[in-house]
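Generate a structure from the sequence data that follows.
(3 chains)
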Amino acid sequence: MDIDTPSIMRRLREHHPLVQCITNYVSMDIAANLLNAAGASPAMVHDVREAGEFAAITGAVVVNIGTLSPPWVEGMIAAVAVARERGIPWVLDPVAVGATAYRRETVAALLPYGPTVIRGNASEIRSLALSSTEGRGVDSEASSADALGAATGLARSTGAVVAVTGEEDLVTDGERTVVIRGGDSRMPQITALGCALSALVGACCAVGPDPLSATATAMAMLAVAGERAGVRAKGPGSLRWELLDELAVLEPGALAGRVEPR
Amino acid sequence: MDIDTPSIMRRLREHHPLVQCITNYVSMDIAANLLNAAGASPAMVHDVREAGEFAAITGAVVVNIGTLSPPWVEGMIAAVAVARERGIPWVLDPVAVGATAYRRETVAALLPYGPTVIRGNASEIRSLALSSTEGRGVDSEASSADALGAATGLARSTGAVVAVTGEEDLVTDGERTVVIRGGDSRMPQITALGCALSALVGACCAVGPDPLSATATAMAMLAVAGERAGVRAKGPGSLRWELLDELAVLEPGALAGRVEPR
Amino acid sequence: MDIDTPSIMRRLREHHPLVQCITNYVSMDIAANLLNAAGASPAMVHDVREAGEFAAITGAVVVNIGTLSPPWVEGMIAAVAVARERGIPWVLDPVAVGATAYRRETVAALLPYGPTVIRGNASEIRSLALSSTEGRGVDSEASSADALGAATGLARSTGAVVAVTGEEDLVTDGERTVVIRGGDSRMPQITALGCALSALVGACCAVGPDPLSATATAMAMLAVAGERAGVRAKGPGSLRWELLDELAVLEPGALAGRVEPR
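You can find the predicted model right below:
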């Protein structure tokens, strides 16, 4: 496993890729600020009247289903259709996909556009893995309760790189799997930090040599910045801004050794 | 008056109740992060296609009219209809209800679903008390300029517990009234902190023995955390994150003595 | 050039003008909190059912096209129509106007309502200046690549005061031009700070003697608060809350000398 995370991060800072986020209302602020701190250029453009036109000039598109409604789903489809057509990477964040029928239907409508990366927590990835293989009948790994099995199965059935965040962060393309180490135990107390990570995954995909390496780099950036922020943070409030501060001054070399084969 | 605020707060931390917030755009970030810091689990799910289905799996629903539009009102109605049907507590935050006809109409459409708690500032509660009693003709208390009179009248006419925040914070069910002490004079400079408090009221109602006790507990949590945050905060920017930090480490015993009969 | 910035700022703190912001989702939190810290009273009211009715009771209206959709555009038109009719100042922030046809069309629909102030970065102002003069054929200044030329041309063709933020901040009414000094080089890393500044421009217009003076005052407030915040801030995360803290305690006299003729 040879992922040159420092050089991907360096390219992110040099190219400031434009990342279109069609994301939930709760994550807007933190996702945009995290992209900005990391060196990318965020743009929240969601309406069908401009979402596709805008996607054409971006380095990556990020779609997050946290606060769905029909006009937003229309915009998502328009953006990912352009992304697919032009070979622009796009990331799917299937927030709480198991919770309602509307979420499952929306994800089912998005998946045919071939997301480059799917990022979620273990329960979201398991939920997706089960539904995406149901129609196919057989995939013992995806039906396993194990997040790695679900992620591997989902990666194989969709062709996407799948990232699972939780106590252990992992990324797989269905064949190769890597683990990312770091972070702070209080990071889940920062609402929508996972959504913001999905946006950063998009930014790295815009400059990365391949989706697996790019995704692992984004996760390593957050893991190291979060770990450092955690040293001084007293709670979730200070952890949030300390993390942005750390991300903005992170030196690429700090990522070395954070991504390991599993 | 015997409200065991520490034990309600302990249950909040143990059960991490899922709180569905259909709230205004400005409050999304702070409401979600405040719930998270307090130990609850926020979910912003507003569209009519899933709002009711989602409400069924929550511990409480919170409806805030700060940035209204018809699709959101549809979702609000769907969610509170399910809440009422299933006995799930729900909180109404009538932001600036007196400002426009659309707000008054929306609140009039929501009130028949029987909010468990109504939380607002003195002017919102007075405005609501007047309109909810207008049709009835006589309620001298509600027509009084005094917030307590308005709150008591509104509680009696709606059956809801009514919470008024301001220089003096009080909660009443129309018979019993309690006062909550604490806070910091700069808290009103944090936009949407009141909206976030309404969300916390929902979280406490999800685990509390009764709405009056739960509401008072939520208000006491914010009062103590705000007071402590205020010791170190230099202004509204630092007060916000210090408050989240304090809330996350608040020990339940600190609430003792903060809620008193009036 | 004789702009009494301290006295405009003093009036802002005395009158707490109500500022209606129809702004993008990303900027909601920071715009509202920045207005609050500065002494104004923010209100995000966007739907056509109440946007016009609400505008009538405000001190200023601020329209920002960052995350457009048809229902919001309807609300924008309703609000600025009332503003125009009643002589209430209104500010246009043409975010990324050059990026899509939908943005250009929306701005074209808004301009006839006569914005009091247009605030953007150099590229937005240039893009607007070109399109607003295209129909007229000749305006050599506006077609210049120079931001000042574009701003002057746009001010003349629209009758609005035009503010350009960037390495050099300037404000012009087409005849007089002033430059504002200060700030911190990391301020662009705070997402939507420009949008928040547009909201503050609205607040100052609500109390100012004239739009040029009011706009320059808002920009000077942010420049001084940002500069002071930058002394202690370690990065964009801390810069954001330090800036709010500084803004809340800023003494009007600190603005003296920050606005100079160009």
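
got a list of what the closest residue to A:R13 other than its chain neighbours touches?
Excluding the flanking residues, the one nearest A:R13 by Cβ to Cβ, 6 or more residues apart in numbering or on different chains is A:G39, at 4.0 Å. All C-beta spots, glycine's among them, are computed from the backbone N, C-alpha and C. Applying Cβ atoms under 8 Å, 6 or more residues apart in numbering or on different chains, we find A:G39 in contact with A:L12, A:R13, A:H16, A:A203.

between these, which is nearest chain C?
A:H16 (11.1 Å; Cβ to the nearest Cβ).

need the contact list for the residue nearest to that closest one when sequence neighbours are not counted.
In space, and not counting its chain neighbours, A:H16 is closest to A:S41: 4.9 Å by Cβ to Cβ, 6+ apart. By Cβ under 8 Å, 6+ apart, A:S41 lies in contact with A:H16, A:P17, A:L18, A:V19, A:L35.

try it again with 7 Å
Listed by Cβ atoms under 7 Å, 6 or more residues apart in numbering or on different chains, the contact partners of A:S41 are A:H16, A:P17, A:L18, A:V19.

Backbone dihedrals for the second one, please?
Read it as A:P17. With angles defined as degrees, to the nearest 10, A:P17 sits at phi -60, psi 140.

Can you give me the pLDDT of it?
What the model reports for A:P17 is a pLDDT of 98.

returning to that earlier point: out of the contacts of A:S41, name the ones that lie in helices.
Among those, DSSP state H puts none in helices.

Who wins on neighbours among those residues?
A:V19 (29 neighbours; other Cβ atoms under 10 Å in any protein chain shown).

So which residues of chain A form helices?
Under the criterion DSSP H, chain A carries helices at the ranges A:5-15, A:28-38, A:51-55, A:70-86, A:101-110, A:122-134, A:140-143, A:147-158, A:193-207, A:211-232, A:236-249.

Show me what from the stretch 1-150 of chain A comes close to chain B.
The stretch 1-150 of chain A comes close to chain B at residues A:N24, A:Y25, A:V26, A:D29, A:T67, A:L68, A:S69, A:A99, A:T100, A:A101, A:Y102, A:R103, as judged by Cβ under 7 Å from any Cβ of the partner chain.

Give me the buried subset of the residues you listed.
Neighbour-count burial (16 or more other Cβ atoms under 10 Å in any protein chain shown) applied to these gives A:N24, A:Y25, A:V26, A:D29, A:T67, A:L68, A:S69, A:A99, A:T100, A:Y102, A:R103.

out of the residues you listed, which are inside strands?
Among those, no member is found in strands (DSSP state E).

and the residues you listed as a markdown table, adding distance to B:A254 and pLDDT?
What follows is those, written out as a markdown table (distance: Cβ to Cβ, whole Å; pLDDT from 0 to 100):
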| residue | distance to B:A254 | pLDDT |
| --- | --- | --- |
| A:N24 | 33 | 97 |
| A:Y25 | 32 | 97 |
| A:V26 | 28 | 97 |
| A:D29 | 30 | 98 |
| A:T67 | 34 | 97 |
| A:L68 | 39 | 97 |
| A:S69 | 40 | 98 |
| A:A99 | 34 | 96 |
| A:T100 | 38 | 97 |
| A:Y102 | 41 | 98 |
| A:R103 | 39 | 98 |
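
how close does the residue nearest to A:G230 when sequence neighbours are not counted get to B:L250?
Spatial nearest neighbour of A:G230, excluding adjacent residues (Cβ to Cβ, 6+ apart): A:D184 at 3.1 Å. A:D184 is 20 Å from B:L250, where distance means Cβ to Cβ, to the nearest Å.

now do A:A40
Taken as Cβ to Cβ, the span from A:A40 to B:L250 is 36 Å.

what does A:L247 give?
Separation of A:L247 from B:L250 (Cβ to Cβ) stands at 28 Å.

from what I can see A:E124 touches A:L92, true?
No: using Cβ atoms under 7 Å, A:E124 is not in contact with A:L92, being 10.2 Å away.

residue contacts, A:T177?
By Cβ under 7 Å, 6+ apart, the neighbours of A:T177 are A:L148, A:L170, A:R262.

Switch those residues over to CSV; also include pLDDT, neighbour count and distance to chain C.
Formatted as CSV, these follow (pLDDT from 0 to 100; neighbours: other Cβ atoms under 10 Å in any protein chain shown; distance: Cβ to the nearest Cβ, whole Å):
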residue, pLDDT, neighbour count, distance to chain C
A:L148, 93, 19, 33
A:L170, 95, 22, 27
A:R262, 89, 13, 32
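
of all the residues in chain A, which ones are close to chain C?
Residues of chain A found near chain C (Cβ under 7 Å from any Cβ) are A:25, A:28-29, A:32-33, A:36-37, A:42, A:44-47, A:49-50, A:53-54, A:71, A:240-245, A:248-249.

re the thing from before, who has more neighbours out of A:A40 and B:L250?
Remark: of A:A40 and B:L250, A:A40 carries more neighbours, 27 against 21, as counted by other Cβ under 10 Å.

Verify the stated contact: the more buried one with A:V19.
Yes: at 5.3 Å, A:A40 and A:V19 qualify as touching, with contact defined as Cβ under 7 Å.

Now, of the residues of chain A next to chain C, which are buried?
Buried by 16+ other Cβ under 10 Å: A:25, A:28-29, A:32-33, A:36-37, A:42, A:44-47, A:49-50, A:53-54, A:71, A:240-245, A:248, out of the residues of chain A next to chain C.

Excluding covalently adjacent residues, which one is nearest to A:E53?
Nearest non-adjacent residue to A:E53 (Cβ to Cβ, 6+ apart): C:T100, at 4.9 Å.

swap in A:A192?
A:S27 (3.6 Å).

Tell me which residues touch the one you found, please.
A:N64, A:G66, A:A192, A:C195, A:A196.

Scan those and report the most crowded one.
In the contacts of A:S27, the most neighbours by other Cβ under 10 Å go to A:A196, 31 neighbours.

what's the distance between the spatially most central residue of chain A and A:R103?
In chain A, the centroid-proximal residue (Cα atoms, centre = their mean) is A:S198; its distance is 2.4 Å. According to Cβ to Cβ, A:S198 stands 15 Å off from A:R103.

cool, and A:T158?
The gap separating A:T158 from A:R103 is 17 Å, by Cβ to Cβ.

Equivalent analysis for A:L193, please.
Taken as Cβ to Cβ, the span from A:L193 to A:R103 is 20 Å.

Give the residue spans of chain A that score low on pLDDT.
For chain A, the stretches flagged by pLDDT under 70 are A:1, A:132-145.

make it 80
A:1, A:131-146 (pLDDT under 80).
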